[in-house]
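> pasting the sequence and the predicted model now:
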Amino acid sequence: MPEPMTPTLYCEPCPRCVFHAWQLIERGRLLWRSEWECDTCGFGAAETCHLDGGRGLPPAEVRAAVVAAEGTVLLPLRGAPAPALKVFRDELGLTMRELLAAIRDGYRATPVEARHLTALLQESGFTVHPG
Ligand SMILES: [Zn+2]
């Protein structure tokens, strides 16, 4: 006997929900996507499928999921000329303080960010060697 269907509001992920997040480069732009997937509840069901996405750096929790899945590489920025740094800063929307920290310590990029930023910096005349 099938269970009677009861209307349920899916406002929150259940414990079996899985959060996926990833980044991609499309037409020279850094993009991010995230979605919930679940075989149990409606929150992560294909028809509701809590998809989200945007341009540039993802929100902190999305980026954390990408970092957890893919790790980071360090982009050393010491010696980068001003035009390259401006492109780098604009692309990521960094504050001046964040930019200075990135120049001092390098920037911890996800693999997709590293690929994107490496290409941008290269176009601005700076060759970065991710480590
Ligand atoms: Zn669920």
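The structure has been received and is ready for your questions.
> mind giving me the domain ranges of this protein?
Under the assignment named as automatic domain parsing, the residue ranges that make up the domains of the chain are 18-70, 73-123.
> mean pLDDT and mean neighbour count for the ones you listed - can I get that in CSV?
In this view, the C-beta of every residue, glycine as well, is placed from N, C-alpha and C. Output for the domains of the chain, formatted as CSV (pLDDT from 0 to 100; neighbours: other Cβ atoms under 10 Å):
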stretch, mean pLDDT, mean neighbour count
domain 18-70, 91, 15
domain 73-123, 95, 16
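> ok, residues contacting the helix or strand harbouring Leu85?
Using DSSP states H and E, Leu85 falls within helix 82-92. Identification of contacts with helix 82-92 by Cβ atoms under 8 Å, 6 or more residues apart in numbering yields 30, 56-57, 77, 80, 94, 96, 98-99, 102-103, 107, 116-117, 120-121, 123-126.
> downstream of that helix, the next helix or strand is which one?
As the chain continues past helix 82-92, the following element, by DSSP H and E, is helix 96-105.
> now do that following helix against helix 82-92: the angle between them, please.
Using axes from the mean of the first three to the mean of the last three Cα atoms, to 10 degrees, the interaxial angle of helix 96-105 with respect to helix 82-92 works out to 120 degrees.
> next one: helix 96-105 to chain centre, how far?
Here helix 96-105 is found 19 Å from its chain centre; the criterion is Cα atoms, centre = their mean, to the nearest Å.
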